[in-house]
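Asker: A structural model of the following input is requested.
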Amino acid sequence: MSTVKSIPLKLYQKAGKKLGQAPGTLAQLVEKSEEPEVITLFEFDQRSCEEEEIQAASELKHIKETVSNNWINIDGIHDTNLIAEIGQIFDIHPFVLEDILDPRQRIKIEFYDDYVFIVLKMITHSDESDSFEKENVSLILGKQFLISFQEKPGDAFDGIRERIRVEGSRTRASGCDYLAYRLIDSIVDHYYVILEKYGEKIEELETELSENSNLELVNDSQMIKRELLLFMRAVLPLGEVLTGITKEEALLITKETRLYLQDAKDHFMQVSDTAGSFRALVADILDTHLSIMSHKMNEVMKVLTIFAAIFIPLTFIAGVFGMNFEHMPELKIKYAYLLVWVAMIGIAVFMLIKFKRKGWF
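Answerer: Model prediction:
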C-alpha cells in the first residue's frame, strides 16, 4: 500500500454561516482565498474564437445580446458581491445563486424559463492525502452562453478548451448545450481516473493481506471502503440528473445533444457499477481476512486443546501421587516410580493415536 498516510474524509460538512438567514441570502460558505477570482471568457462560433480574461463582471453585460457562443468560467466563489453581480446581469434567481455558493449542495438539475441550472461534483485525486477531493461545479446554460462556477482553480476541462481553439471542431461548431455536455462528460470520465487509483489500491491490498495480515492493512481496508462510500454518495445523484436532462423537453437542449447526454449517462452507470463492485470487493477482502484469522485461531486453539486433553489425566496421576498422606502403600513398591512413568507415557501415546485417527491434527 502507499506510504502516504491517508487523511480520513469527513462524512459531513459544516453548515457554515448560512443558519438562520433568510432564503436566497448570499453567504460566504467557503474559506476566503488569498487569490482573487479569475473570470475567463471564450467567445466563439464556427468561424472565429476569442479568449480573454475578464477583470470585472460588468464586462459581461453585452453577452446576452451576442449571436456567438460564450463560455464564462469563474474560478473561486468566495466573493458574494461578484456572484450577486453576475446573477443580476444574467437574471439568475437568488436561490440559484445561493446554491452556487454552497459547497455542500448535492448534484441536481433545475429548469427555468431562460436557463438550465446544473450542479456537478468534480472529483480529483490528492497525492498529499492519498485520497480524493471533491468540489462543486455549477453550470448555468442559457441560449448563447454557458457559465461555469468552480470553487478553486484547476479542472479537467483543458482538453475542451483546446477543442474550442481548433477551427472546425464539433465543440466550436455546436451550441452551448453541446459544450455543457462536454463538461459533464469530462467530469464523468475523470471519475474513471479516481476509480483506477482505488482499483490499484485494492489489488495491492489483496496481495498484502494474503502474504502478511496485520491490523494496519485491515485499517487500510476500512479506509478504502469508507472512501468509496463517500465517493458513491457524492456522485450517485448524477444518474438522476442525466436521466432528467435526457427526458426533459428543454428548448435550450437540442435532440442531438440529448443523445450525447444519454451516452454520458451510460458512462456514468459504468462508473456507478464499478464503484459498487469495488466496495463489495473490499468487503469480501475483509470477510476473507477475518475468516483466515478465525481459522488460524481455531487451529491454535485445537492444538492447545489437544495438549490440555493429554495433560489432564497426567496431571491427575501426578496429583494423586503427590499427596502427602502417611499411609500410601504404592510408595513402598520398588518400581512404583517407573510404573507411574510408564502409565503416564502410555496414556499420552494412546490419546495422541486416538486424536490422530479422528483427524484432529
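
Asker: quick one: Met269 and Gly239 touch, right?
Answerer: Yes. Using CB atoms under 8 Å, Met269 is in contact with Gly239, at 6.8 Å. No exception for glycine: its C-beta is placed from N, CA and C like everyone else's.

Asker: hey, where'd the helices end up in the protein?
Answerer: Taking DSSP state H to define them, one finds helices in the chain at 80-89, 94-101, 158-165, 170-173, 176-211, 215-235, 237-247, 255-321, 336-357.

Asker: which of these sits most buried?
Answerer: Of all the helices of the chain, helix 94-101 carries the top mean neighbour count, a mean of 20, counting by mean count of other CB atoms under 10 Å.

Asker: next up, the contacts around the residue most central in space within the chain.
Answerer: Nearest to the mean C-alpha position of the chain, counting by CA atoms, centre = their mean, stands Phe231 at 2.7 Å. Shown in contact with Phe231 (CB atoms under 8 Å, 6 or more residues apart in numbering): 123, 132, 194, 198, 275.

Asker: hmm, 10 Å instead?
Answerer: Contact analysis of Phe231 by CB atoms under 10 Å, 6 or more residues apart in numbering lists 9, 121, 123, 131-132, 134, 191, 194-195, 198, 271, 275, 278-279.

Asker: nearest to Phe42, out of the residues you listed: which one, please.
Answerer: Distance to Phe42 across these (CB to CB) is lowest for Lys121, with 23.2 Å.

Asker: grab the nearest non-local neighbour of Met351.
Answerer: Among residues not flanking Met351 along the chain, Ile310 sits closest, at 5.1 Å (CB to CB, 6 or more residues apart in numbering).

Asker: ok, His121 to Lys332 distance?
Answerer: No His there; residue 121 is Lys. Using CB to CB, to the nearest Å, Lys121 is found at 91 Å from Lys332.

Asker: where does the prediction get shaky in the stretch 151-300 of the chain?
Answerer: Low-confidence segments of the stretch 151-300 of the chain (pLDDT under 70): 210, 212-215, 248-250.

Asker: could you give the bridge partners of Ala74?
Answerer: Slight slip there: residue 74 is Ile, not Ala. Counting by DSSP bridges, Ile74 forms beta bridges with Ile39, Phe149.

Asker: what about Lys121 and Lys332, which has more around it?
Answerer: Set Lys121 next to Lys332 and count neighbours by other CB atoms under 10 Å: Lys121 wins out with 20 against 8.

Asker: now do the same contact list for the more buried one.
Answerer: So Lys121 contacts 105-107, 134-137, 187, 191, 231, 233-238 (CB under 10 Å, 6+ apart).

Asker: which among the contacts of Phe231 gets closest to Lys354?
Answerer: Proximity of these to Lys354 (CB to CB) peaks at Arg279, which lies at 48.1 Å.

Asker: so what's the closest residue to that closest one other than its chain neighbours up against?
Answerer: In space, and not counting its chain neighbours, Arg279 is closest to Leu228: 4.3 Å by CB to CB, 6+ apart. Neighbouring residues of Leu228 by CB under 10 Å, 6+ apart: 132, 194-195, 198, 201-202, 275-283.

Asker: name the nearest of those relative to Ser48.
Answerer: Within the contacts of Leu228, distances to Ser48 taken as CB to CB reach their minimum at Ile194, with 36.6 Å.
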